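Visitor: Provided below for reference: sequence and predicted model.
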Amino acid sequence: MLNRVMVLLLATVAAGMVSLSNAGLVELESVPVSSDSQDCLSCHEELHPGIVSAWRQSRHSRITPGEAMQVQGLGLKVSSKEIPERFLNVAVGCAECHTQRAEAHAGTFDHGGYEVHTAVSPKDCATCHTQEADQFSRNLMAHARGNLVENPLYMDLARTIEGRVARKGQQLDFTPADPLTQAESCLHCHGTKLEVMGFKERDTLHGLMDFPVVNGWPNQGVGRKNTDDSLGTCGACHNRHQFSIEMARQPYTCKKCHVGPDVPAYKVYSASRHGNMFSTHGKEWNFTNVPWTVGEDFTAPTCASCHVSLLADPAGNEIVPRTHQMTDRLPWRIFGLIYAHPHPVSPDTSIIRNDEGLPLPTNFDGTTAKDFLINASTMAERKENMSTVCRSCHGSAWVDVFWERFEQTVQTTNADTLEATKIMTDIWKSGYAVNHLAGGSPFDEAIERRWSDIWLFYANHIRFASAMAGGGDYGVFANGRYHITKEIMELNEWLTTQKKVKGGQEGKE
Amino acid sequence: MLNRVMVLLLATVAAGMVSLSNAGLVELESVPVSSDSQDCLSCHEELHPGIVSAWRQSRHSRITPGEAMQVQGLGLKVSSKEIPERFLNVAVGCAECHTQRAEAHAGTFDHGGYEVHTAVSPKDCATCHTQEADQFSRNLMAHARGNLVENPLYMDLARTIEGRVARKGQQLDFTPADPLTQAESCLHCHGTKLEVMGFKERDTLHGLMDFPVVNGWPNQGVGRKNTDDSLGTCGACHNRHQFSIEMARQPYTCKKCHVGPDVPAYKVYSASRHGNMFSTHGKEWNFTNVPWTVGEDFTAPTCASCHVSLLADPAGNEIVPRTHQMTDRLPWRIFGLIYAHPHPVSPDTSIIRNDEGLPLPTNFDGTTAKDFLINASTMAERKENMSTVCRSCHGSAWVDVFWERFEQTVQTTNADTLEATKIMTDIWKSGYAVNHLAGGSPFDEAIERRWSDIWLFYANHIRFASAMAGGGDYGVFANGRYHITKEIMELNEWLTTQKKVKGGQEGKE
Amino acid sequence: MLNRVMVLLLATVAAGMVSLSNAGLVELESVPVSSDSQDCLSCHEELHPGIVSAWRQSRHSRITPGEAMQVQGLGLKVSSKEIPERFLNVAVGCAECHTQRAEAHAGTFDHGGYEVHTAVSPKDCATCHTQEADQFSRNLMAHARGNLVENPLYMDLARTIEGRVARKGQQLDFTPADPLTQAESCLHCHGTKLEVMGFKERDTLHGLMDFPVVNGWPNQGVGRKNTDDSLGTCGACHNRHQFSIEMARQPYTCKKCHVGPDVPAYKVYSASRHGNMFSTHGKEWNFTNVPWTVGEDFTAPTCASCHVSLLADPAGNEIVPRTHQMTDRLPWRIFGLIYAHPHPVSPDTSIIRNDEGLPLPTNFDGTTAKDFLINASTMAERKENMSTVCRSCHGSAWVDVFWERFEQTVQTTNADTLEATKIMTDIWKSGYAVNHLAGGSPFDEAIERRWSDIWLFYANHIRFASAMAGGGDYGVFANGRYHITKEIMELNEWLTTQKKVKGGQEGKE
């Protein structure tokens, strides 16, 4: 019996019961911590035990960059070819990240004799992870803040959502939100701009100390503008200070910004077959192996499997390379602005102008601002990249029909949006609401908000359900086709009623 | 200390830490794979490592039907008394399922010398699982496709939800959805009809090969019509190719189609006390033991415990038998069509006609199409079946009051629906909307969609909350009573406003 | 190799893989069960194996109060200084709870020679857990039932939500819900009143026996009024009969009543960074250690960490004491009634009267009923209590800005509610709807329900998102700022349309 127990136990360890091996490694391994980082820990371990403990559980505390660089083949996690000498043989500790590149960061301050910056940026991470930082700089998400705040039309929508409202006569008047509110609403996910405003003295256990006052901090938004002018934060997905690859590979980190209803990725995934498999069997999967082996490490994809991760087959062959650009496997941008469309060429979408001169990737009639969007050949390439992932578990016929249905859904949801926009245009033309062409905003009246429900929520649900689940409730009754048709009915009824009411009024005049 | 560790370890193994024993068994056991299946694996293991790996983790790969038939008592999983000789002593591999009954399947094609069919049907599974296939054929869900597409009234509703919309004058015109869209919306869950349309040559690693073109494929809808004319797919709940009993017993597989808001089973469960216990303690439960022992294997029910599974008490006595018919323990059908009602007698509900001649289990006034529904005595029997499950953890008084409250909720939600339907009927009679009696559809105008919200969403939430949780947010603020009363208020206000507006118009004319 | 395996295994056990040690302990330990409880078990183990098994897995079955009292320091779980002799050296079994304080409970009945009461109350639990029962008696939740049913304004709202609706002329008439419905809707969470109505004979395995008929039973609502006139039930969070501290510390038990949209705590948490960390890494955390050590037992908070639990740092120092009052760390009450406001002084909120004489903590203009609410100094104290928890993982600047943003969000959501209330007040004053000042109800018309959406759902989502996540989807697109502004637009449009329609009508008259 003993024998069998041992074999079982070994099998378990081999199968990667992560909690077990992680817990074990903490005891078994240790790597030198730099004296600088030891200095940090001497105070902060007591002050903030939570984050120090998270770091102690991280890979950063248990392997040196020098050791990590020795890994051969697909398992290599450190993409930089050269790493400064001083980082090579110590754990990646507090000081290694928060004191490097001091001169590059505004707001670097003297803290117990160290030149410290609070917010670590992708350029800091690039010291060891050059390739990932480089790919991420081409990721739309790194530009999430600029793509919002540099787009006057989107900021007009933001004003009517998060701004202050007051009645002026019979109209509502919206003024832009204050910075505190912005940091809690749109910019929470899109990212704030970190601006050093000065310094402030604070009484600490070690007496009076100066700390920078940084507008926009704290923020972990994926498109944050950092104190070294770099864009984005790796911590949006790889949560500080554990920087766990497991967290980035499980769907919950994506949920933080993509719970919907605007981008209902998590909800749709969790009700999909893939999501069901993850929920049932995920506890037995290995979320830390690199490369990530289909079938051995997991039997159904998470968000990361399809969009980011380096995948291998059980023979150790690469299926698809890792990408932190994320659009490499995505031909279509299915988030409705206001129609689904081929992905933009540049991750900076604020440069886009449609035929009407508006900063939108499509025109109001659904045609595209095609000079700014990828062409058919790039779309085909990306489609093939994603199909390669699909075919790890699905036959070619399955995959082909998946795309056929998905692209049909892109067309039908765009057609629904067009029908709704035609009604809305009639409403604007008839003067029942006032849009940008008539000196107003297309977003600040109740009927306009019903129109935006259609492309911002319902069309997106249908497309995400198609993309991730092949259908199901989110394609029909849960903010899906039931709701898109209902809202079109409501728009139409509203217009009809306005005509009747107007008729009534004319009768009076 | 060693001793204690060993005892702990053995206790753990005994307590069914599934990941452990499963992972272990892969190493420890192996059963012969037929040469046919070995042939399949020789290509497909490389092509689709994900599904092959899922199969390797399945029970099908680790025990032969012959061995499985030897199990005595409640643990028997193979219900067929006789199984063809060729299946007895090999793993249930690719060829065993995909090449059996070749002649019964349209679209069977020559594939490397084998007569293969793509979609395995319940009649294929019945080779070993006769009883389950037989019960499932009497399950409403096996008929889910026909019950929708053979019901002209439901298809009229479907047309207004998933169909193409266009304005004709002031009206909206809906045309039925194309097949690609249907497969992504209603039929994704209800099931498509698999139709072999011909064959198509495709270039493969082994040169040019012919593959069937099957309309409606892929689809895992529970009521799929198969190429052998059988109904349903076991894979809807027992996901290919792991066919995991654990997956079927955890609530996530049900969530795929029952996330709501039409049938909000998963949402309500996950917020119920039962769901809380599953979420907190489920990781310690055993989801693979057969029979499934209350208290030992689990301490709170999942969907399967109450509706499907063979349950035993710790002494090994059967509490309730396994049923794949699922209605055996259900007196009431609480999904509103348009009222809650006693369950239909036949799983084929397309045969039902109410007093008005419509294919509905109730009349518009809430009375039932009683000849087609189970009688009081069958209801009492089913209620007792479910109560037996409840009493595993709850006293008789608890169970009795549960039913008393639940049946009161059936009555009050039906009464609310009736009140709403009376207002809607007034609207139709007044000519403010056009229904089927006046040559139109009762589903294609905004006000009609508000009426359908009431019985399709809100009344259902309240009843599911009652049935699974005894109340809570889903019975009140989360699409519950708050919303059903609000929508009735909206209907009433709409009618009142129409009368006023009409008054205004008449003033003009 | 053996050595490493052993070390790993010990590390695992030490790291608190709960299922392992729990399962192990069942085998390893046993404490004497009183003969009374053995008597209970002799029948009920067979009758209701589920709950008996849950109890066998509980701490109550595996340690005697006498042993538990010996624990020194922060690990002490039994707060009573003296416990009656008869409980000291036996497991806390059936009889210990259900037969103690027999005389205090109405409905105590003779059951096989024992004086039994069905529903165990906090005063029963206080025998061992004095301090927790005492704190809980000052918890708003213990008063949840009275705070609803003794408040005529809230009961007026309840009437329009859960009551029976019927048309009278053009108006809707609402009558209060029957007791069965109440127990399934509002009182499911708020708690019923348990009233012994008499006794009923029932045929059992042991022949005819008398059982009490208790109105309001079953119910696990947190503010239940018990048969000994005490308030609340510990079982609302510590589910019977496992009474698991793990359940109370995981967020699912809170979800039962706080899934939203009225109090969307669970939804917001699960999409927050804290929730993401729990979802990804929670399976490796220890949910049973007392005290609960930040960084060692867990690396991100659950509901309990911030609001209830005794927390320690890794050095064993107390960070914050345990509290079952729960408001100790809460300055603001962010559930909109109808504005966010400082917490009430008394947990009995039915005594509050605002300047208008209404039982509301604020006036309709947003000013507070300040004599009934905590003052600035108490608010500051509670804020510091919570900040102490935050600083376990976050620096002072982070925590300070958190509060600054949160309090800004309290102000802006109150301002939005005020703007909506001004429009609503215009509607009432113009006679388009009838409120309490005009002899009606402010809750029973469609437009009034839209107004209540604003403060009951949307403002709450925004504030909870701010409080628990610092923002994100629930602050914007998921019932957040997008919806609060939309509904204000709808209110304004409705008023404008009424004026037009009225104009039209006047034209006719």
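Guide: Received the coordinates, thanks.
Visitor: So what's the residue count around the residue nearest to residue A:315 when sequence neighbours are not counted?
Guide: Excluding the flanking residues, the one nearest residue A:315 by CB to CB, 6 or more residues apart in numbering or on different chains is residue B:46, at 7.2 Å. Using the backbone N, CA and C atoms, a C-beta is placed for each residue, glycine as well. Counted with other CB atoms under 10 Å in any protein chain shown, the neighbours of residue B:46 add up to 14.
Visitor: Tell me which residues of the lengthiest helix in chain A come out buried.
Guide: For chain A, the longest helix by residue count, based on DSSP state H, is helix A:396-429. Using 16 or more other CB atoms under 10 Å in any protein chain shown as the test for burial, helix A:396-429 gives A:397-399, A:401-402, A:405-410, A:412-414, A:416-424, A:427-428.
Visitor: How about that helix and chain C, any contact?
Guide: No - Helix A:396-429 does not reach chain C (CB under 8 Å from any CB of the partner chain); its nearest approach is 12.3 Å.
Visitor: helix/strand/coil for the residue nearest to residue A:315?
Guide: Secondary structure, DSSP: H, G, I helix; E, B strand; the rest coil: residue B:46 is helix.
Visitor: does stretch A:119-133 come close to chain C?
Guide: No - contact of stretch A:119-133 with chain C is not found when judged by CB under 8 Å from any CB; the minimum separation is 10.9 Å.
Visitor: and that stretch, how far out from the chain's middle?
Guide: Stretch A:119-133 sits 18 Å away from the centroid of its parent chain (CA atoms, centre = their mean, to the nearest Å).
Visitor: residues in the stretch 351-500 of chain A within reach of chain C, list them.
Guide: So the stretch 351-500 of chain A meets chain C at A:444, A:445, A:446, A:447, A:449, A:456, A:457 (CB under 8 Å from any CB).
Visitor: which of those residues lies closest to chain B?
Guide: residue A:447 (12.8 Å; CB to the nearest CB).
Visitor: and that closest one, what element?
Guide: Residue A:447 is part of helix A:446-453, with elements assigned from DSSP states H and E.
Visitor: can I assume the residue nearest to residue A:315 is in contact with residue A:316?
Guide: No - at 12.0 Å, residue B:46 does not count as touching residue A:316 under the criterion of CB atoms under 8 Å.
Visitor: Spatially, and excluding backbone neighbours, which residue is closest to the residue in the stretch 251-400 of chain A that chain B sits nearest to.
Guide: Nearest residue of the stretch 251-400 of chain A to chain B: residue A:295, at 2.9 Å (CB to the nearest CB). Of all residues not flanking residue A:295 in the chain, residue B:53 sits nearest, at 2.9 Å (CB to CB, 6+ apart).
Visitor: roughly how far apart are that neighbour and chain C?
Guide: As judged by CB to the nearest CB, to the nearest Å, residue B:53 and chain C stand 22 Å apart.
Visitor: In CSV, could you pull the C-alpha coordinates for the strand or helix carrying that residue?
Guide: Element membership for residue B:53, per DSSP H and E: helix B:49-56. The C-alpha coordinates for helix B:49-56 follow below in CSV (Å, rounded to 0.1, in the frame of the first residue of the first chain):
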residue,chain,number,x,y,z
PRO,B,49,-3.9,17.0,-28.7
GLY,B,50,-6.5,18.6,-26.6
ILE,B,51,-9.4,16.2,-27.2
VAL,B,52,-7.2,13.2,-27.1
SER,B,53,-5.8,14.2,-23.8
ALA,B,54,-9.3,14.8,-22.5
TRP,B,55,-10.2,11.3,-23.6
ARG,B,56,-7.1,9.9,-21.9
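Visitor: moving C-terminal of it, what's the next helix or strand?
Guide: Once the chain leaves helix B:49-56, the next helix or strand it forms, by DSSP H and E, is helix B:65-69.
Visitor: mind listing what's buried in the helix or strand just after that following helix?
Guide: Next along the chain after helix B:65-69, taking DSSP H and E as the criterion, comes helix B:85-88. By 16+ other CB under 10 Å, the buried positions in helix B:85-88 come out as residue B:87.
Visitor: Show me what helix B:85-88 is packed up against.
Guide: With contacts defined as 3 or more CB pairs under 8 Å, 6 or more residues apart in numbering or on different chains; DSSP states H and E, helix B:85-88 has these neighbours: helix B:65-69.
Visitor: can you list contacts of the helix it packs on?
Guide: Residues from elsewhere that reach helix B:65-69, judged by CB atoms under 8 Å, 6 or more residues apart in numbering or on different chains: B:31, B:76, B:77, B:78, B:83, B:87, B:88, B:89, B:92, B:128.
Visitor: redo that, cut-off 7 Å
Guide: B:77, B:78, B:83, B:87, B:88, B:89, B:92, B:128 (CB atoms under 7 Å, 6 or more residues apart in numbering or on different chains).
Visitor: which parts of the stretch 301-450 of chain A sit against chain B?
Guide: Within the stretch 301-450 of chain A, the residues that sit near chain B (CB under 7 Å from any CB of the partner chain) are A:313-314, A:391-398, A:401, A:404-405, A:408-409, A:412, A:416, A:419.
Visitor: rerun at 8 Å
Guide: A:313-315, A:391-398, A:401-402, A:404-405, A:408-409, A:412, A:415-416, A:419, A:422-423.
Visitor: ok, the closest residue to chain B within the stretch 51-200 of chain A to residue A:286 distance?
Guide: Residue nearest to chain B within the stretch 51-200 of chain A: residue A:74 (15.1 Å; CB to the nearest CB). According to CB to CB, to the nearest Å, residue A:74 and residue A:286 sit 15 Å apart.
Visitor: how far is stretch A:410-418 from where the chain is centred?
Guide: Distance of stretch A:410-418 from the chain centroid (CA atoms, centre = their mean) equals 25 Å.
Visitor: which regions of the stretch 1-150 of chain A lie under the pLDDT threshold?
Guide: For the stretch 1-150 of chain A, applying pLDDT under 70 flags the ranges A:1-29.
Visitor: neighbours around residue A:315, how many?
Guide: When neighbours are counted by other CB under 10 Å, residue A:315 comes out with 9.
Visitor: about what we covered before: and the angle for the helix holding residue A:447 with helix A:396-429?
Guide: Going by axes from the mean of the first three to the mean of the last three CA atoms, to 10 degrees, helix A:446-453 is angled at 170 degrees with respect to helix A:396-429.
Visitor: On the three-state scheme, residue A:379 is what?
Guide: Each residue gets one of three states, and residue A:379 gets helix by three-state DSSP.
Visitor: Does residue A:87 touch residue A:99 like I think?
Guide: No - Residue A:87 is beyond contact range of residue A:99, at 11.3 Å (criterion: CB under 8 Å).
Visitor: mind giving me the domain split of chain A?
Guide: A:129-232, A:325-508 (automatic domain parsing).
Visitor: Any idea which of the ones you listed gets closest to residue B:265?
Guide: Comparison of those against residue B:265 by CB to CB identifies domain A:325-508 as nearest, at 10.8 Å.
Visitor: burial count for residue A:203?
Guide: 9.
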